[in-house]
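Q: Here's a sequence, model it:
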Amino acid sequence: MIEARGLTKRYGEKAAVSDVTFTVRPGIVTGFLGPNGAGKSTTMRMIVGLDAPSGGTVTVNGKPYVQHSAPLHEVGALLEARAIHTGRTARNHLRALAATTGIPARRVDEVLDLVGLTDVAGKRVRGFSLGMGQRLGIASALLGDPQTLILDEPVNGLDPEGILWIRNLLKSLAAQGRTVFVSSHLMSEMALTAEQVIIIGKGRLLADVPVADVIAQAADNAVKVRSPEATRLQELLAGPGVTVTSGAPDRLEVAGPTCEEIGRLAAEHGIVLFELTPVHGSLEEAFMELTRDAVEYGVSTSAQAELALAAAGEQAR
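A: Numbers count the residues shown, from 1 in each chain. I've put the predicted structure just below:
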């Protein structure tokens, strides 16, 4: 378990992290989200003792990281996958870590196999691709068989097969009762992997909620409808609390009524429906809404409109 209480980090007059409080529980994957410059990396560095807090506390399994007698057995971290001696082979890199922390040498081959690097274990790291470097970083984090994992952008550089692999790995580790804390900019992947999300912006906590709840908040309860009689159906749906938009002659998006209510109304009037689909919110939509005022390098509304028009024109070609 990771517990932060009033966690603060200042660099001069600037507060990179400001009075952040959260708990990362074991048994689930917890996502850590925020725009660039939000303070995610600084927070993770404070958890593993690389940066000292200016205020507040953060503990891992009841103790500050530096007070654990065997920290690699307690916490496995991937904060910078390329922070590796590039002249060493993958196996020798892990052997050096194992030798200095009292980890049995046999564990090296176990984690190499676990991350799919057995065939390149004798290759020097300087020749590794970005994805291979990520896998080696994850192997380093898993070397001590820790109860707590802290991973910063673990899917960076991985191909689709690798992303699926890390997703299943994280879920399996959480299912074993471990604490899994992972940051990512891939909202779609976090929606599939995490059960809880902690979202920060400009160093402040914005949300600490289950993924399902934050997605539900983003949903507009809309329904996509496709029918050869869309215009007639739109007239029948008109009324208080109902909003209908049309993107094409046979398509409607209806906010207000449920799928069942629209389907029943269409049946009562003999209207043929080709599609009746609820529109679900996404983690990306919820994230954008929550962090709208916390983006350090934002794009102006007019620029966003120009980009949207250009994209629409490109699709029309």
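Q: can we go C-alpha only for contacts and neighbour counts from here?
A: Noted.
Q: what's the span of stretch 29-43 from first residue to last?
A: 17 Å (Cα to Cα, to the nearest Å).
Q: which parts of that stretch are buried?
A: Residues of stretch 29-43 classed as buried under the neighbour-count rule (16 or more other Cα atoms under 10 Å) are 29-35, 37-43.
Q: now swap in stretch 126-136 and tell me
A: F128, G131, M132, G133, Q134, R135, L136.
Q: Only the C-alpha atoms, please, for that stretch, written as CSV.
A: What follows is stretch 126-136, C-alpha atoms only, in CSV (Å, rounded to 0.1, in the frame of the first residue of the first chain):
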residue,chain,number,x,y,z
ARG,A,126,23.0,-0.3,-26.5
GLY,A,127,21.5,-2.3,-29.4
PHE,A,128,18.0,-2.6,-27.8
SER,A,129,14.9,-1.0,-29.3
LEU,A,130,12.8,1.3,-27.2
GLY,A,131,10.4,-1.6,-26.5
MET,A,132,13.1,-4.0,-25.5
GLY,A,133,14.5,-1.3,-23.1
GLN,A,134,11.0,-1.0,-21.6
ARG,A,135,10.9,-4.8,-21.1
LEU,A,136,14.3,-4.8,-19.4
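Q: Geometric centre of this protein: which residue is closest?
A: M190 (3.5 Å; Cα atoms, centre = their mean).
Q: So for that residue, what's the nearest residue that isn't a sequence neighbour?
A: G31 (6.4 Å; Cα to Cα, 6 or more residues apart in numbering).
Q: from what I can see that neighbour touches Q196, true?
A: Yes. Under the criterion of Cα atoms under 8 Å, G31 makes contact with Q196 at 6.2 Å.
Q: and the buried residues of stretch 29-43 as JSON lines, adding pLDDT?
A: Output for the buried residues of stretch 29-43, formatted as JSON lines (pLDDT from 0 to 100):
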{"residue": "V29", "pLDDT": "97"}
{"residue": "T30", "pLDDT": "97"}
{"residue": "G31", "pLDDT": "96"}
{"residue": "F32", "pLDDT": "96"}
{"residue": "L33", "pLDDT": "93"}
{"residue": "G34", "pLDDT": "90"}
{"residue": "P35", "pLDDT": "89"}
{"residue": "G37", "pLDDT": "87"}
{"residue": "A38", "pLDDT": "90"}
{"residue": "G39", "pLDDT": "93"}
{"residue": "K40", "pLDDT": "93"}
{"residue": "S41", "pLDDT": "92"}
{"residue": "T42", "pLDDT": "95"}
{"residue": "T43", "pLDDT": "96"}
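Q: Among those residues, which pair sits farthest apart?
A: Pairwise distances across the buried residues of stretch 29-43 (Cα to Cα) peak at 22.9 Å, for the pair V29 and G37.
Q: Compute the number of surrounding residues for E74.
A: Neighbour count of E74, defined by other Cα atoms under 10 Å: 17.
Q: typed the wrong thing, it's L78
A: Using other Cα under 10 Å: L78 sits among 24 other residues.
Q: nearest residue to it other than its sequence neighbours?
A: In space, L78 is closest to L151, 4.7 Å off (Cα to Cα, 6+ apart).
Q: ok, that neighbour - contacts?
A: A77, L78, L79, I138, V180, F181, V182, S183 (Cα atoms under 8 Å, 6 or more residues apart in numbering).
Q: my guess is the last one contacts G31, does it?
A: Yes. Shown here, S183 and G31 form a contact pair, counting by Cα under 8 Å, at 5.6 Å.
Q: Strands of the stretch 1-150 of the chain, residue ranges please.
A: Remark: strands assigned in the stretch 1-150 of the chain by DSSP state E, counting those that start in this stretch are 2-11, 14-24, 29-33, 55-60, 75-78, 148-152.
Q: Same list, the contacts of L151, but as a markdown table with pLDDT and distance to G239 please.
A: Output for the contacts of L151, formatted as a markdown table (pLDDT from 0 to 100; distance: Cα to Cα, whole Å):
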| residue | pLDDT | distance to G239 |
| --- | --- | --- |
| A77 | 93 | 56 |
| L78 | 91 | 55 |
| L79 | 89 | 54 |
| I138 | 92 | 56 |
| V180 | 97 | 48 |
| F181 | 97 | 47 |
| V182 | 96 | 46 |
| S183 | 93 | 44 |
